[in-house]
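generate a structure from the sequence data that follows.
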Amino acid sequence: MKRTLLLAASLLIGFSGIAAASSEAAKIQRGSAKAFYCTGCHGYNGMGTKGASELAGRDAAELTNRLIKFKKTKSKLKMNLLARFSEDDMAEIAAYFASLKRTARDEASFERDISPILSMRCVECHSGDGEGAYTSGLNLTNHASLMSGTKEGGQLIIPGSAMTSSFMVMLTRKDHLRMPFGKSALSDDEIRVIRKWIDQGAKNN
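Numbering: from 1, shown residues only. Predicted coordinates for the structure are as follows:
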C-alpha cells in the first residue's frame, strides 16, 4: 500500500513538472512572437547594440520589472512601443529573452541565433534523406556538419570572413540557385546575423 502511494505521489509530481515545463515553453513561444518590437533597438535576438543593452539570458523577473517601469516613462517612443502590451505580455517577452543563451554584447551565438534559422529554413532539405543532403552532402543539423561543408566542394564557411564564405554567396545570390532553393529568401535580419557570426569566427557558441 505504501509503495503504491509513493508511486502515485511520484507520478503526480512528475506530471506537475511536465505541465509546468509545457506551460513555460508556451509562455516563451508567445513571447517570441512579440519580441521583435524590442530587437529593433536591442539587436537580433536581444544581443545588444552600441546604443542598447543586451536582453538575452537575463533574469526573467528583472526584465519584466524593467519593461513595466519602461512603459511608465514619459518618453513617447517608449510609451508607443509598449502601449499595446499588458503586464502578462511583458512577462512573456521577458521569458523569451531569458531563455536565450547569453553572450558578450553584440556577439552572435550559433545556439541562439544560427541554429534556429537553419532548423526553420534549411534542415528540411539539408538533413537525413533530404534532397539537398543527398545531392551535395551538406548537412545542416549541427555546427560540426555545417563546418564540414559539402562532399565535393568541402568547406563553405571561412571563419572570420563572411565575404569569402561560399555559404553567404549561396544565401544572397540573385539567380535561381539562391538558397533556400525554391523558397523565399532569408530576411535581412537573418542574413545580417549569419554574416556577423561568420565574421566573429563562426564559433560553436
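
where does this structure dip in pLDDT?
1-21, 74-80 (pLDDT under 70).

could you pull out the helices for it?
Counting by DSSP state H, the chain has helices at residues 2-34, 36-42, 60-71, 76-82, 87-99, 115-121, 131-136, 143-148, 166-172, 188-199.

Ile93 touches Ala35, doesn't it?
Yes. Counting by C-beta atoms under 8 Å, Ile93 does reach Ala35; the two are 5.5 Å apart. Where you see a C-beta, it was placed from the backbone N, CA and C, and this is true even at glycine.

quick one, which of the two is more surrounded?
The neighbour comparison of Ile93 against Ala35 (other C-beta atoms under 10 Å) goes to Ile93, with 29 against 20.

how about that one: what's its closest non-neighbour residue?
In space, Ile93 comes closest to Gly31 once its chain neighbours are excluded; the distance is 4.6 Å by C-beta to C-beta, 6 or more residues apart in numbering.

got the contact list for the one you found?
Gly31 is in contact with 91-97, counting by C-beta atoms under 8 Å, 6 or more residues apart in numbering.

ok, those residues vs Ala83, which is closest?
Taking C-beta to C-beta as the measure, Ala83 lies nearest Ile93 of the contacts of Gly31, at 13.9 Å.

report the contact partners of the closest one.
31, 34-35, 37-38, 63, 67, 85.

how is the protein carved up into domains?
The record, using automatic domain parsing to delimit domains, assigns the chain the ranges 2-99, 110-199.

what about the shortest one, how long is it end to end?
With C-alpha to C-alpha, to the nearest Å as the measure, the ends of domain 110-199 fall 13 Å from one another.

and Arg58, how many neighbours does it have?
17.

name the nearest residue to it, sequence neighbours excluded.
Ala98 is the one closest to Arg58 (C-beta to C-beta, 6+ apart), at 6.0 Å.

pretty sure the one you found is touching Gly57, no?
Yes. A contact is recorded between Ala98 and Gly57 when judged using C-beta under 8 Å, the distance being 6.9 Å.

out of the two, which sits in the busier spot?
The neighbour count for Ala98 versus Gly57, taken as other C-beta under 10 Å, is higher for Ala98 (21 against 15).

which residues does the residue nearest to Glu111 when sequence neighbours are not counted contact?
Once flanking residues are discounted, Glu111 sits nearest to Lys101: 5.0 Å by C-beta to C-beta, 6+ apart. Contacts for Lys101 (C-beta under 8 Å, 6+ apart) come out as 56-57, 109, 111-112, 205.
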